[in-house]
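Asker: I would like to see how this sequence folds:
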Amino acid sequence: AQLVESGGGLVQPGGSLRLSCAASGFTFSSYAMSWHRQAPGKERELVATITSAGGSTNYADPVKGRFTISRDNAKSTVYLQMDSLKAEDTAVYYCKATKWGYVPYWGQGTQVTVSS
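Answerer: All right, here's what the predicted structure looks like:
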């Protein structure tokens, strides 16, 4: 099983980025997906979650109204659209696949830097 994130980079405050996480080696459509981030010197934190069919999403308070999680089960890919980015959004972003009773999968992370 593998999760590969992409789409990170350097962006100015107020800008946007779209992260992608491509899954392979497991039944993507049966897993809930989530995005997490870890800033230097801080613990990894949950950013957003989406259910296996995509019918329900949840967001951490710092990103509500600015970030949108979505998924395409036909492409085995989950996305994180990030708008109105702030310096405090700078972190390594990871995707995670979760299914009750199974070991979760993590991606390797993609760096997002928000700076002028």
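Asker: which of the residues in stretch 21-30 are buried?
Answerer: For stretch 21-30, a neighbour-count test (16 or more other CB atoms under 10 Å) marks 21, 22, 23, 26, 28 as buried. Every residue, glycine included, has its C-beta placed from N, CA and C.
Asker: Please enumerate the strands of this protein.
Answerer: In the chain, the segments counted as strands under DSSP state E are 2-6, 9-11, 17-24, 32-38, 45-50, 57-59, 67-72, 77-82, 91-98, 105-106, 110-114.
Asker: In JSON lines: the ones you listed, plus mean pLDDT.
Answerer: Shown next, in JSON lines, are those (pLDDT from 0 to 100):
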{"stretch": "strand 2-6", "mean pLDDT": "97"}
{"stretch": "strand 9-11", "mean pLDDT": "98"}
{"stretch": "strand 17-24", "mean pLDDT": "98"}
{"stretch": "strand 32-38", "mean pLDDT": "98"}
{"stretch": "strand 45-50", "mean pLDDT": "98"}
{"stretch": "strand 57-59", "mean pLDDT": "98"}
{"stretch": "strand 67-72", "mean pLDDT": "98"}
{"stretch": "strand 77-82", "mean pLDDT": "98"}
{"stretch": "strand 91-98", "mean pLDDT": "98"}
{"stretch": "strand 105-106", "mean pLDDT": "98"}
{"stretch": "strand 110-114", "mean pLDDT": "98"}
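Asker: And the residue nearest the centre of this protein?
Answerer: residue 35 (2.9 Å; CA atoms, centre = their mean).
Asker: show me what contacts that one?
Answerer: 19, 21, 46-49, 69, 78, 80, 93-96 (CB atoms under 8 Å, 6 or more residues apart in numbering).
Asker: repeat that for 7 Å
Answerer: Counting by CB atoms under 7 Å, 6 or more residues apart in numbering, residue 35 touches 47, 48, 69, 80, 93, 95.
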